[in-house]
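K.L.:
Pasting the sequence and the predicted model now:
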Amino acid sequence: MESKKEHFKRTLLDLANNENLVPGIYNYCDRWCERCTMTKKCLTYLHEQEMKEGTGHKSPDEENKNFWEQIRVAWEVTMEMIEEDAERLNIDLDDVEDMELPEHIETPLEAKAKEYGTKMYNWLDENQPFIKEQAEKLVMINDEASMIKYKDAMEVIQWYSSFIGAKVHRAHLDLEERKNDPNDEFNIYSDNLGSAKIAIIAIERSMDALSVFYNDFKEKEDDILKFLVELSTIKKQLLQTFPGVMEFKRPGFDD
Ligand code: SF4
């Protein structure tokens, strides 16, 4: 019988031959698969589904055990595939020269984006009672449309709160070297651009979602306005740091 590792590898390689998939579509998406419009074109998504199939209903503990097991298998298979490629290319992985990785110094923009995530997390936590109270009021008057509107806006704000900081950070990795490298034959700088672009998209969506609350919750107007200003500043600085970033074509999404 096929082991988990064999199953993981076989299904991954089978799916990779699917011509309907967009290579690299998962590199500059927002990783919000439940809301993604491109699942049928995404190897990551389809493979995750494949691995979930047949697992049936499980308790939360079993689900978590399964999650860590999948991670372990994924790493093992990845390592195995790297070793196979190295052998094919005649590279001895035990004899690779030590590389000195440049130290990354966090830029003020990265710090600002990370700080936004922390502040938003704390704000949402502190305002739980207020949010609950508003939800209860809507239930009382049976206002389903507003309930859905607020729930959707809240999900967007939560999903992107730490995502923005992570992508702004990635956008700055080796930025100057890559940007100014005339021999960037693998176009590594495109990774900075793609990361900056998805960060900007996440910022715009977060701002739209925050404006729903800004219009309706007068009591929280000041707080929300501060968040809007912070996001707007981060976006502006990203546009300045990455000229032409919005022209970058994210595979599958912008073609
Ligand atoms: S492209 Fe869509 S389905 Fe694939 S990983 Fe990203 S969000 Fe998920």
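P.N.:
Looks like it came in fine. None of these values were measured; they are calculated from a predicted model.
K.L.:
next one: phi and psi at residue 202?
P.N.:
The phi/psi pair for residue 202 (degrees, to the nearest 10) reads phi -60, psi -40.
K.L.:
you'd agree it is up against residue 162?
P.N.:
No - between residue 202 and residue 162 there is no contact under Cβ atoms under 8 Å: 10.2 Å. For the C-beta atoms, the positions are set from N, CA and C on the backbone; glycine is no exception.
K.L.:
When these two are compared, which one has more neighbours?
P.N.:
Between residue 202 and residue 162, counting by other Cβ atoms under 10 Å, residue 202 is the more crowded of the two (25 against 16).
K.L.:
if you average pLDDT over the one helix or strand residue 190 maps to, what comes out?
P.N.:
For residue 190, the enclosing helix or strand under DSSP states H and E is helix 189-216. When pLDDT is averaged over helix 189-216, the result is 95.
K.L.:
what's downstream of it, the next helix or strand?
P.N.:
Defined by DSSP H and E, the subsequent element after helix 189-216 is helix 221-241.
K.L.:
contact partners of that following helix?
P.N.:
Contact with helix 221-241 is made by 109, 112-113, 116, 119-120, 123, 164, 168, 171, 175, 196, 199-200, 203-204, 206-207, 210-211, 213-214, 217, 245-246, as judged by Cβ atoms under 8 Å, 6 or more residues apart in numbering.
K.L.:
quick one: contacts for residue 184?
P.N.:
Counted by Cβ under 8 Å, 6+ apart, residue 184 has contacts residue 178.
K.L.:
Low-confidence stretches in the protein?
P.N.:
Filtered on pLDDT under 70, the chain yields the residue ranges 54-57.
K.L.:
So it: which segments form each domain?
P.N.:
Following automatic domain parsing, one gets these domains for the chain: 4-95, 108-247.
K.L.:
Please identify the most buried of those.
P.N.:
Across the domains of the chain, averaging neighbours per residue (mean count of other Cβ atoms under 10 Å) puts domain 108-247 on top, at a mean of 16.
K.L.:
closest point of the stretch 151-255 of the chain to the ligand, which residue?
P.N.:
Ranked by Cβ to the nearest ligand atom, the top residue of the stretch 151-255 of the chain for proximity to the ligand is residue 252, at 6.7 Å.
K.L.:
Quick check: which element contains that residue?
P.N.:
Per DSSP H and E, there is no helix or strand for residue 252.
K.L.:
Pull the number of nearby residues for it.
P.N.:
Using other Cβ under 10 Å, residue 252 has 20 other residues around it.
K.L.:
was I right about it contacting residue 25?
P.N.:
Yes - if you go by Cβ under 8 Å, residue 252 and residue 25 touch, sitting 3.7 Å apart.
K.L.:
Give me the common contacts of those two.
P.N.:
With Cβ under 8 Å, 6+ apart, residue 252 and residue 25 have common neighbours 38, 41-42.
K.L.:
Can I get those residues in JSON lines including secondary structure and distance to the ligand?
P.N.:
Formatted as JSON lines, the shared contacts of residue 252 and residue 25 follow (DSSP: H, G, I helix; E, B strand; the rest coil; distance: Cβ to the nearest ligand atom, whole Å):
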{"residue": "38", "secondary structure": "coil", "distance to the ligand": "5"}
{"residue": "41", "secondary structure": "helix", "distance to the ligand": "7"}
{"residue": "42", "secondary structure": "coil", "distance to the ligand": "3"}
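K.L.:
The ligand contacts on the protein?
P.N.:
25-26, 29-33, 36, 38-39, 42, 44-45 (Cβ under 6 Å from any ligand atom).
K.L.:
sorry, back to before: now distance to residue 102 too, for the domains of the chain, in a markdown table please.
P.N.:
Shown next, in a markdown table, are the domains of the chain (distance: least, Cβ to Cβ, whole Å):
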| stretch | distance to residue 102 |
| --- | --- |
| domain 4-95 | 22 |
| domain 108-247 | 7 |
